[in-house]
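Chemist: Got a sequence here, can you model it:
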Amino acid sequence: MKAGAAERDVTPPVGLEITHPVRANVGAHDPLFVKALVLQDDSGTTLAIVCTDLIGTDFGPADEIRKRIADELGIENVLLNFAHPHSSRGFGGYGDLPEESAEAVAWAQGARDAFVAVIAEALGKLAPVTIKAGRAAVQVGFNRRVTAENGYVYMDDNPDGPVVPWVNVLEVDNADGKPLDGARDKPLAILFEHAAHPVIVPNGTALVSADFPGAAVVRVREALGPDVIAMFAQGCQGNINGHPLRSTHENADAAGVKLGDAVLQAIESAEPITADTLRIRTGRTEMPTCELPPWDVIRQPVEKFKADFVAGDSPYWRQEEIDNFIAHFDKLEAMLARGESPPPWRMEATVVSLGDQWGLVAYSNEMFCQYELWVDEVAPFKHNMTFGLTNGATGYVADDAALALGTNGGYEAGCLPNLGSCDVMTRHYNPPAVGAEKIIHDLVTSLWA
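Modeler: Next up, the predicted model:
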């Protein structure tokens, strides 16, 4: 096996707004990065894993970036993972802002370019490596879905709800145990994955931050050396919030130290991966969208929604965004009048494996943690790693139990006429229909069969 790693700083300049919720950016508490790990086996099969501190991007820009990487660098197998801190920015329809300035457009293009440049640099550093895989127990968040007495799901800490209580680590070491060109100590790179929304940073801060993932990287580098490329990958965090929610930068840093210490513990007990042939398979499918109710059922809550936004001074949304929301529902009314239905949901998954010793499942979209727990239960690999938010996202993908709640499904899984659901604000106007869970399981199992 050969590997190379590199990183680029993509911190937005002062003046560009932080995405969610929108607020002014007066500087950075800590920088945002795009990092790449390129793996290549003896047959020439090559994989580029890119981890970034940005909040996300839609499928279109992700497809464009992957095509650029294939055309310019000759790498077809690319995983673009977004850590999703709400104190950062995104681009391309997922975490960007309407009517952005020329400066914002230039930054977004620079971020796109960084994905290509960082892989090119890592590709130029390919050298023989050995690989180890490990896991340690850790939890920096809580399940965030609580059911009220009336059956409605609302967002709060749920200590009894499912979480992913571990960090998965892939350690990539120089094969000879010596520095590469005198510039890098062993190990070469540490890829670690955990599942939790990076939302510990307060939502009123004016400082850009990578939240707890950034602090975890700092902790790992403190222990292993500043030249080690430490990469956080986001897992299936759709229903998990970092804790304590929207509190302080100090709390985010403390959670990052906790996660970083667990990474170091996993490294201590990591096992060598002797399989040396990469197997990579990517599949794509569609999930039907939950059926829309008639416009007569939706009209009243939509009109109230519009009136509340127009009359109110929202602390979270700019006027441009409010205008976009209103136009969004105007399009829905016109679509229903034409007798049309919203498009199905795109779902993509990639399975990377090294024999039966190590396997990585990478999902698109914001996946509920149940999808990661399922991988760990049934995957045919000794060591597992699971990504969410990879190669594009439209919104949340819940498990069938949550989708079956319908309008009571809460922020991540509710459907119209519940306008409190995030997926209502997507181009689909509703979450995936019940049955999505089996579609996703069938896709993944076909890839590792």
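
Chemist: If you drop the residues flanking it in sequence, what lies closest to the most centrally placed residue in the chain?
Modeler: Nearest residue to the geometric centre of the chain (Cα atoms, centre = their mean): L389, 3.1 Å. Leaving aside its chain neighbours, L389 sits nearest to F82 (4.6 Å; criterion: Cβ to Cβ, 6 or more residues apart in numbering). Every residue, glycine included, has its C-beta placed from N, CA and C.

Chemist: So what pairs up with the one you found in the strands?
Modeler: T52 (DSSP bridges).

Chemist: Now for it: which residues touch it?
Modeler: Counting by Cβ atoms under 8 Å, 6 or more residues apart in numbering, F82 touches 52, 54-57, 90, 234, 389-390, 393.

Chemist: Give me the pLDDT for D185.
Modeler: Looking at D185, its pLDDT is 50.

Chemist: What segments of the stretch 201-350 of the chain are strands?
Modeler: Using DSSP state E, counting those that start in this stretch, the strands of the stretch 201-350 of the chain run over 207-208, 229-234, 240-242, 271-273, 278-287, 345-354.

Chemist: So which of those has the densest surroundings on average?
Modeler: Highest mean neighbour count among those (mean count of other Cβ atoms under 10 Å): strand 229-234, with a mean of 29.

Chemist: In the stretch 301-449 of the chain, where is pLDDT below threshold?
Modeler: Counting by pLDDT under 70, the stretch 301-449 of the chain contains low-confidence ranges at 309-318.

Chemist: Do a quick rundown of the helices in it.
Modeler: Taking DSSP state H, counting those that start in this stretch as the criterion, the stretch 301-449 of the chain contains helices spanning 319-337, 369-378, 400-403, 410-413, 436-448.

Chemist: Columns distance to N430 and mean neighbour count on top of the ones you listed, output as JSON lines?
Modeler: Formatted as JSON lines, the helices of the stretch 301-449 of the chain follow (distance: least, Cβ to Cβ, whole Å; neighbours: other Cβ atoms under 10 Å):
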{"stretch": "helix 319-337", "distance to N430": "10", "mean neighbour count": "14"}
{"stretch": "helix 369-378", "distance to N430": "20", "mean neighbour count": "20"}
{"stretch": "helix 400-403", "distance to N430": "10", "mean neighbour count": "20"}
{"stretch": "helix 410-413", "distance to N430": "10", "mean neighbour count": "24"}
{"stretch": "helix 436-448", "distance to N430": "12", "mean neighbour count": "17"}
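
Chemist: So which of the contacts of F82 is surrounded by the most neighbours?
Modeler: Within these, neighbour counts (other Cβ atoms under 10 Å) peak at T52, which reaches 32 neighbours.

Chemist: for that one, what are its contacts?
Modeler: Contact analysis of T52 by Cβ under 8 Å, 6+ apart lists 10, 32-35, 80-83, 111, 115.

Chemist: And for A36?
Modeler: Contacts of A36 (Cβ under 8 Å, 6+ apart): 5-7, 48-51, 115, 118-119, 121-122.

Chemist: hmm, 10 Å instead?
Modeler: By Cβ atoms under 10 Å, 6 or more residues apart in numbering, the residues touching A36 are 4-8, 48-52, 69, 78, 80, 114-123, 125, 189, 229, 231.

Chemist: And it, how far from N25?
Modeler: A36 sits 25 Å away from N25, going by Cβ to Cβ, to the nearest Å.

Chemist: Check D253 too.
Modeler: Separation of D253 from N25 (Cβ to Cβ): 19 Å.

Chemist: residue boundaries of the strands in the stretch 51-200 of the chain?
Modeler: In the stretch 51-200 of the chain, the segments counted as strands under DSSP E, counting those that start in this stretch are 77-82, 127-137, 141-147, 153-158, 166-174, 189-194.
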